[in-house]
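Enquirer: turn this into a model:
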Amino acid sequence: MKPSRLLLYWVGRTCAAWALCAALIPAAAATPVREVQALKGLQQPATLIIDRAGIPHIYARTARDAYFLQGYNAARDRLWQIDLWRKRGLGRLAASLGPAYIDQDRAARLLLYRGDMQREWAAYAPGARQVAGAFAAGINAYVAEVRAGRRPLPEEFSLTGSQPETWEPQDIVRIRSHGLVANVQSEVERAQVACQAGLAADRLRVKLEPPHEVQVPAGLDPCAIPADVLKDYALGTQPVRFQAPGATAAADRAPPAPEGSNNWAIAPSHSATGRAILANDPHRSLTVPGLRYIVHLEAPGLSLIGAGEPALPGISFGHNGHAAFGFTIFETDQEDLYVYELNPADPDEYRYRGGWEKMRIVHERIEVKGEPARQVELRFTRHGPVLRFDPAAGRAFALRSVWSEPGTAPYFNGTRLAAIRTWQQFQAARGAWGAPPENLLYADTAGNIGWAPGARVPVRPNWDGLLPVPGDGRYEWRGFLTGAQLPARYNPAEGWLATANEMNLPPGYPHTIAYEWGNRSRIERIEQVLGSKLKVGLEDSMALQNDNHDVLAGTLVELLRPLPATDAKLARALDLLTHWDLVEGPGSTATSVYQVWLNHLAPMTIARLVPAPAQAVIGDGSLAALAEYLHHPDARLGAEPSAARDEILLKSLAAAMDELEQRLGADVSGWRWGRLHQMRFRPAIAALADPATQSRLSLPAVELGGSGDSPHAAAFDPPRFDVVAGASVRIVLDVGDWDRSVAINAPGQSGDAGSAHYADMLQSWAAGGYVPLPYSRAAVEAAAETVTVLTPAR
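Expert: Numbers count the residues shown, from 1 in each chain. This is a model prediction of the structure:
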């Protein structure tokens, strides 16, 4: 297969060395390895082709066998990862890993779906239960081969002394903790700030859009919210940590990794191809194995290629040969924390509408490796799981969430997108979407494009959802906004649509969705690029996914232009920043100065504006809110707020220069952003391994450009600057000429460190490269690395 001119063009723009270019260009046609395998559980013959990027292409005679093989192949490539996902989600870690995980298991069980399973299955696409059943059966077929010694046991099981477990179909939909938007965390933080410093101070923590004056709900005392009220929530949703024997899993105190996504759809009228283009790059925590997995399924009535989570059937974004679809988080407020007064005579009861209502108490048995099983108690109110039960204080706290409702298993409603061909079918599919809330984009082979958020939005008739509320019946959801009640756009005149987690409700939209959105830096850059081009090609979309321009930085640098330098070091800093092009390339010195400056500017400013007890809650706050305040300082900075602001700007910039000199040396020319801003893929399990195994499982650090505010999102946790979140997958689809589509999955498709596909995409991903995403049978066979003919085992 010859490399396309498009791919060669992109390679030429991004490759710094021939070795990297060679990794991006499809190899010359080679004879693939051919195998024949009998597989128990397969009902009819099928073919599994793995291409040279490690992407599986499954050809089956029935949709059931296609999903069965998807599960089988997911286990072949990612057995440890998906087994751990299931055990974590179901609260079964202690059975395999020991008593350190009992508390995490208990917390996870609080967050499981516990409603009626018939209602649950009925909420999805017809046949959804069969899809989940076939996928689980495929996983179980591989697990059976491992247990029988016909397949190797992944080394992670040996490191933990554990074994993979078998799956039930309901496991896939009962686990909800992988698709949450964590609105409740912001509610609690706002209550803490309100108690310690007043609600005005909270405007620095998060910017509200549209502008809104928060009111404390009647009956709520913000100071009555304990600091650890979300301990079980954090434990039940965090990744599995591995630590020394005898340690106990504890709630992660670190802030969650920044997350976001970009997507856009280009109409044929604005496209250089004459066809629609759809691009998507979801930003999540970056891990090895990667969060997502690219797969291709073909069977009568089923054609899907794209990416999803390896523990789930189908795909979340990609195409079906007729229409393409992608998503970014639509920042809907889907959670509320309820505060209850307990009955002094019976703490199992809470006040509700003038009376006392019993909690539902569930006792469950947690199996523990090497020790007797533990009995644990789980409590639930009419609103949801009790996260904290404090009879001594006479209070309890419970969570109400959209994602505990029937039909809201994260991403599983992607099964409705599998067969869409028209905008009307897409609209119907988005109407059933529950969680997480998504900006769903659409593009079809007829040249149509559209945006339609998929979400279930609680209707709160008498409060805004921004603070916890009493659980006594005064604050109840009144149904949900869904489907046609949410906004949509179809074939816009400008010829393109884009989203990046920003507040994108149209003017005059009558309903409240949320007030907390991503800042506008990424979307403003995307709009600049897409709006400035007469025609947008595939290569333009690839370049934009890797664009390091930071619009928000410009608003802060603008504050420095009129300031005088008081010494040579400050003069150098001011010169670098005021002549900076705002491009956060890995070789940029100005980017290092800017980002380290922010690490000093935010805390210095907040320390002047906020009482000490609230500073720890606000942290560095919202950069967009901080920039807005610094452009319009007020009397909180004193009698001359502008002069006080300028003093903070220069003092923080001087501190940044001192820090950079200590970290990177006196030679400013060596302060490249890439020296600070690196991604280190290291699996959590490496903590249990010997040094040689740790080295083999972990990947070399790669320097990255960008930040959390550039389209090429590479967010980091200050003050270390190590990248923690970014594009898990990038995909650019040529809608109609599908074989010209490209993708990349960080760091590779396989979870087996001994596989050639464990990290073969890492360098390409870091350099902004892609691999082909073949779709036609001819293109797939031309790219084949292995071809396995599968037959049912008798």
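
Enquirer: what segments of the stretch 501-650 of the chain are strands?
Expert: Assigned by DSSP state E, counting those that start in this stretch, the strands in the stretch 501-650 of the chain number zero.

Enquirer: same check, this time on the stretch 101-250 of the chain
Expert: Remark: no strands are assigned in the stretch 101-250 of the chain by DSSP E, counting those that start in this stretch.

Enquirer: I figured His283 hits Ala727, correct?
Expert: Yes. If you go by Cβ atoms under 8 Å, His283 and Ala727 touch, sitting 5.7 Å apart. C-beta: built from backbone N, CA, C; applies to glycine.

Enquirer: shared neighbours, the two?
Expert: By Cβ atoms under 8 Å, 6 or more residues apart in numbering, His283 and Ala727 have these common neighbours: Ala713.

Enquirer: got phi/psi on the closest residue to Gly768 other than its chain neighbours?
Expert: Among residues not flanking Gly768 along the chain, Asn546 sits closest, at 3.7 Å (Cβ to Cβ, 6 or more residues apart in numbering). With angles defined as degrees, to the nearest 10, Asn546 sits at phi -110, psi 20.

Enquirer: could you measure from Asn546 over to Arg608?
Expert: Separation of Asn546 from Arg608 (Cβ to Cβ, to the nearest Å): 38 Å.

Enquirer: so the two - more neighbours on which side?
Expert: Neighbours were counted for Asn546 and for Arg608 using other Cβ atoms under 10 Å; Asn546 has more, 23 against 16.

Enquirer: do you know how far that one is from Glu189?
Expert: From Asn546 across to Glu189, the span is 33 Å (Cβ to Cβ).

Enquirer: mind listing what the closest residue in space to Ser592 that isn't next to it in sequence touches?
Expert: Nearest non-adjacent residue to Ser592, counting by Cβ to Cβ, 6+ apart: Trp671, 4.5 Å away. Applying Cβ under 8 Å, 6+ apart to Trp671 gives the contacts Thr589, Ser592, Val593, Leu660, Leu664.

Enquirer: the residues you listed: which two are farthest apart?
Expert: Val593 and Leu664 (10.7 Å; Cβ to Cβ).

Enquirer: out of the two, which sits in the busier spot?
Expert: Val593 (23 against 17).

Enquirer: just to check, that one is in contact with Ala573?
Expert: Yes. The pair Val593 / Ala573 is scored as a contact, 5.6 Å apart, by Cβ under 8 Å.

Enquirer: shared neighbours, these two?
Expert: Shared contacts of Val593 and Ala573, defined by Cβ under 8 Å, 6+ apart, are found at Leu653, Ala656, Met657.

Enquirer: which element is Ala95 on?
Expert: helix 93-97 (DSSP states H and E).

Enquirer: elements contacting that helix?
Expert: Counting contacts by 3 or more Cβ pairs under 8 Å, 6 or more residues apart in numbering; DSSP states H and E, helix 93-97 packs against helix 63-90, helix 102-110, strand 360-368.

Enquirer: who touches it?
Expert: For helix 93-97, contacts defined as Cβ under 8 Å, 6+ apart pick out 87, 100-102, 104-105, 108, 160, 162-163, 165, 240, 249, 366-369, 374.

Enquirer: deepest in the core, which of the helices and strands packed on helix 93-97 is it.
Expert: helix 63-90 (a mean of 25; mean count of other Cβ atoms under 10 Å).

Enquirer: picking up where we left off before, ok, which of the helices and strands packed on helix 93-97 comes nearest Ala793?
Expert: helix 63-90 (12.2 Å).

Enquirer: which ones are touching the closest residue to Ser186 other than its chain neighbours?
Expert: Leaving aside its sequence neighbours, Ser186 sits nearest to Glu516 (Cβ to Cβ, 6+ apart; 6.0 Å). By Cβ under 8 Å, 6+ apart, the contact list for Glu516 reads Asn183, Ser186, Val206, Leu208, Glu209, Glu331, Asp333.

Enquirer: on that earlier part again, check which residues of the helix holding Ala95 are buried.
Expert: Neighbour-count burial for helix 93-97 flags Leu93, Ala94, Ala95, Ser96, Leu97 (criterion: 16 or more other Cβ atoms under 10 Å).

Enquirer: and it, how far out from the chain middle?
Expert: From the chain centre to the centre of helix 93-97 is a distance of 26 Å (Cα atoms, centre = their mean, to the nearest Å).
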